[in-house]
Every structure is written in structure tokens, then in C-alpha cells.
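[1] Below are the sequence and a predicted model for it; my questions follow.
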Amino acid sequence: MLYNSFFKSKNQSPYSVKPKQQMRQSSFEKPKKERLRLQLSSKIDQFEKEAILSVVNSKKKSASKRFKTEQGIDIIDDFLTLDSCITKQQSKSRSFSNAFPSNKSADRKSNILNSASKRQKSSNQKQTLDEDQQSDNFPTQFQKIKLLGKGGFSLVWLGEHKTTKMRVAIKQIKQSNSNQAYLREIWFGSHFFDNGNPKPQFKSSVGIKSLLQYLGYEIGSTDTWIFTEVCGESLKNTLYELKGQQIKNEIVFKMIQKPLYLHLKSDLNILKKIIKDVAQALILLTEQRIVHCDLKTENILIKKSKCLNGSYLITQTKLIDYGSSFMFDDLSQFSMATPEYMCPEILNYIQYENGKEYDTKLFKVLSNYYKPWVIDIWSLGCVILEIVYGIPLWLSNKIIVRHHDKDVIEQGLFAVKNREFDQIIQRQAHVVKNLDHYLDNNYSGIKVDLEIRLLLREMLTIDPDKRIAPHTIIEFLQPTKERLRTE
């Protein structure tokens, strides 16, 4: 099992009372010359080694080297090539090269995560996460405080280090789950952070402040634990709460807007601040040619402060959940995310790949697919549209909303039966064509100004080549002297 030396006190290890053979090896305890290399425990099976290597080194093409520590644990050089790690018995590649042979950057190895699913399905073990985990299953150097949240494959705990008293967020993932997204999270965190701090090349970047600070990880026999800083509440939970009630054998929801949502109606600068913070993070990801691939209100954390006049200030914005992230230059590493926030050309390609009907015109745009931000910019546009429209895009259940002093029943803009991708694409095209109508006839009560309207037009364009770049968003929202005088 691996553990992070970031949490060790200067003079005492959390495992100083344990027998030597039971001590966990740190993902950061290594010689200075090898500080930037990823250390793998012998407890990680062969698949997990290959998966981590594939994700970490998907853009590396240099010669490989393999080192041995004194303890016999493999340390894989940061420039290790993939070819020696990929087995022949892998599932079909999620590569765009089938359609465009000339696109060499997309002609890559098989999707490692598909191999994970196949390997796990062959196992008879089906373990699920339980909030009542036994205390001895929790990382021993931490005291479990409370449950912060849960997802489809994970639980997030608030933990306090027993020695330093430092509080951290601890994500728990069952290794028996076929979803291996945690490997991507380890890769993403290790790419930007070293020993809990931004790597030197990223310290001057504004966008690093909007990435969740990665502190380390542990890989045990049954669970993987990822340590990060403790941040604010998700944008979704900060804005509203959904309450369901059963009416005539179906669940009908009602949205309860929270104070921050109510203040958005009179102060769009709150929304613009969030947009700028996320755009700064996307600038950094673009420079590294990385795609987050799962931007939505649940994956944006914010901290807010209330002013004396009753208004709110956004003091911190953080992108979280990097389990779907991948290198844009290796589209074979693309991982499935929330379809209602995914751009139409990717949904369309998945249709093609699975032998279903697809739009040939939309498919052709992939032959000139070279801008790393286009996937995440579409998703950010969906986040803004959802906030303005006032109903979650994915909500297929009926929801009661207030409109012109009357209760009406509606659904999410991109919600379709069985989440059929071709129908989602049709809804996307319809909404983009009639965008002004949906902005002006929303259920949030927000009056959209010209800036937000123009931004959404440039983000939610079907042609990815025309989508606005993140640095252009920053320039567009930057206050000018003339605007400041007017305000």
C-alpha cells in the first residue's frame, strides 16, 4: 500500500509504531533525482501498472528505462514508452484513425480502461462502497471526521491527520469496481502537483489556483485513497436543492433556489467570476493539451463570502473529479462522461463507433480536430446555460418550476428518453438554433446581459472550430476603463 509523505511530521512517521514489514511505501518518498517519477508498489497488479503508465505517459515518445530501488520496487522513468507495456489481448481502440487514417496523433493504443472493465467483469467479486466502513479500513494515519459526499464509484471523507492535525479530503474507491477512473486522477494530480505543491513550471500560472490541490494517494488491497485539499461546496449544491415527491406513480421534483442563486438575478458578476476562474484553469489545461472531459455543476467547487450589504463574493473556484481527463493528442484515451454535457461531435463519434446512425456532416469536423479546449468549452457553456435556464440539463423527470407567477411542469433541455445520444444531439442543435428564446424565457429569473449572451453563442456552437478559446473568454470579460467609468 502506498502513502504520501506530505502528511508525515518532520521527526516522526505515522507508521513509527508499526513493524517494518507493515509500513507503507510513499508515492513521494524517493531519492531527489527521481522526485518526478511515479513509484508503483508491488501490490499493484499488472493491469494497474499498465493503466497508470498508459495514462501518465500517453504523450511520451522517448526511450524507456526501468530502475530498481534497494527494496526491489519498480520505479518507472517519466519517459517510459507505452509499447512495452501494452498486451496484445486488448479491446478495440477508441481511435479516430479508423475514420481518418492520416490523423496519426489519434492512431494510438487500445483503451486501457476498456481492458479494466473486461478484467473486472470476469471476476466474481462484486464489492460496493458502504458508508459504515470498518475503522481499520480507513488510512491509519488519519482520523475519520465525516462523510463529505458520494459518487457512483467513490466516497469522499473529511479526515484529520493524527500527528499534524491537518484536515484533508480523502476519496475512497473500491478497487473491485470496473471503473478505473482513479488512475486518471492520480495521473492528473501527479502531473501538476509534487508533494502537495504546484510543480515549479506551474507556480506562475493563474489557472493552477483553480485546480484541486493533489496531496497524494494510497493503494491498498481493497481500496484506493486519494488525498486532496478541503475546498468549498459544489456549485450545484450552492445554487439549489431538488426535492422529489411521488405523484401518481412517478417522481416529480421541485427546485429550491438557495441565496446565491437568488443573488445571481441582480448581480451577474458572481457568474462571470466563476466563468473566468474556470477559463483560467482551462488555459492551463490547454497549454498541457489536457481535456478535463467532465465539466458540470457538480464538478466545480466554490467558496463564497457574504458582504455587509448582503451581496456575495466568490473567493475560490476549483475544478474537481479528473477521472475522465485525457491527453487531447491521444483521443483513444477518451473516457465516457456525462452525456448531457458532452459536445455533439463526440457523442456523434460514439454513435459511429458503436455501429449506430450518425451525422456524416458532423462526423467530418473530426478531420480537422486540433483545438484542445473545444470539448471543455462546450461543457462550460452547458454549465452556464443550465444556471441561466434554471433546470438541470440532465433531468428527465418532471420538475415543477415557477414561471410568470404560475407553476409549470418542465424537463431538462438535453434530457431524452434512455439518454440516446442521437436524440441528445438533436436537442443540442435545436437549443443552439433557438438559444435566445431559451435565455429570454428561462425559469431562473436571471436577466441575461449582452456579455453572457455573446459568450454562450460562441461556446455553444455546433462547429467546434468556431468555439471560443478560454483566453478569449478572459479578455472578453476583462473590465475596460470605459466600462469601469460607466459602472
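    That came through, no problem.
[2] In this structure, which helix is the longest?
    helix 269-287 (DSSP state H).
[3] what residues does that one touch?
    With contacts defined as CB atoms under 8 Å, 6 or more residues apart in numbering, helix 269-287 is touched by 192, 202, 205-211, 235, 260, 263-264, 291-292, 295, 300, 302, 312-314, 317, 319, 372-373, 376-377, 380, 383-384, 387, 451-452, 455, 469-471, 473-474, 477. Backbone N, C-alpha and C define where each C-beta goes, glycine included.
[4] in it, what's buried?
    269-286 (16 or more other CB atoms under 10 Å).
[5] repeat for stretch 241-260
    Under 16+ other CB under 10 Å, the buried positions of stretch 241-260 are Phe253, Met255, Gln257, Leu260.
[6] again with stretch 417-424
    For stretch 417-424, by 16+ other CB under 10 Å, it's Phe421, Asp422, Ile424.
[7] Contact partners for the first one?
    Each residue near Phe421 by CB under 8 Å, 6+ apart is listed here: Pro339, Leu347, Asn348, Ile350, Gln351, Lys356.
[8] And for the last one?
    Ile424 sits next to Pro339, Glu340, Leu347, Phe414, Val416 when contact means CB under 8 Å, 6+ apart.
[9] which SS class is it?
    Following DSSP: H, G, I helix; E, B strand; the rest coil, we place Ile424 in the helix state.
[10] measure it to Arg453 for me?
    For Ile424, the distance to Arg453 equals 23 Å [CB to CB, to the nearest Å].
[11] now the first one
    Look at Phe421 and Arg453: by CB to CB, they are 28 Å apart.
[12] How about the second one?
    If you measure Asp422 against Arg453 using CB to CB, the figure is 28 Å.
[13] residue ranges with poor pLDDT in the stretch 1-150 of the chain?
    Residue ranges of the stretch 1-150 of the chain with pLDDT under 70: 1-136.
[14] Determine which two of the contacts of Ile424 are furthest apart.
    Leu347 and Val416 (11.3 Å; CB to CB).
[15] just to revisit the earlier point, any quick ChimeraX command for the buried ones out of the contacts of helix 269-287?
    A single ChimeraX command suffices to select whichever of these are buried according to 16+ other CB under 10 Å:
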select :192,202,205,207,208,210,211,235,260,264,291,292,295,300,302,312,314,317,319,372,373,376,377,380,383,384,387,452,455,469,470,473,474,477
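[16] List the ones among the contacts of helix 269-287 that fall in helices.
    192, 235, 260, 263-264, 376-377, 380, 383-384, 387, 451-452, 455, 470-471, 473-474, 477.
[17] Could I have the CA atoms of the strand or helix carrying Lys364 written out in CSV?
    Assigned by DSSP states H and E, Lys364 belongs to helix 360-364. Taking only C-alpha atoms (Å, rounded to 0.1, in the frame of the first residue of the first chain), the coordinates of helix 360-364 have been written out as CSV:
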residue,chain,number,x,y,z
THR,A,360,-22.0,12.4,-41.6
LYS,A,361,-21.6,16.2,-41.8
LEU,A,362,-20.9,16.4,-38.0
PHE,A,363,-18.5,13.5,-38.3
LYS,A,364,-16.4,15.3,-40.9
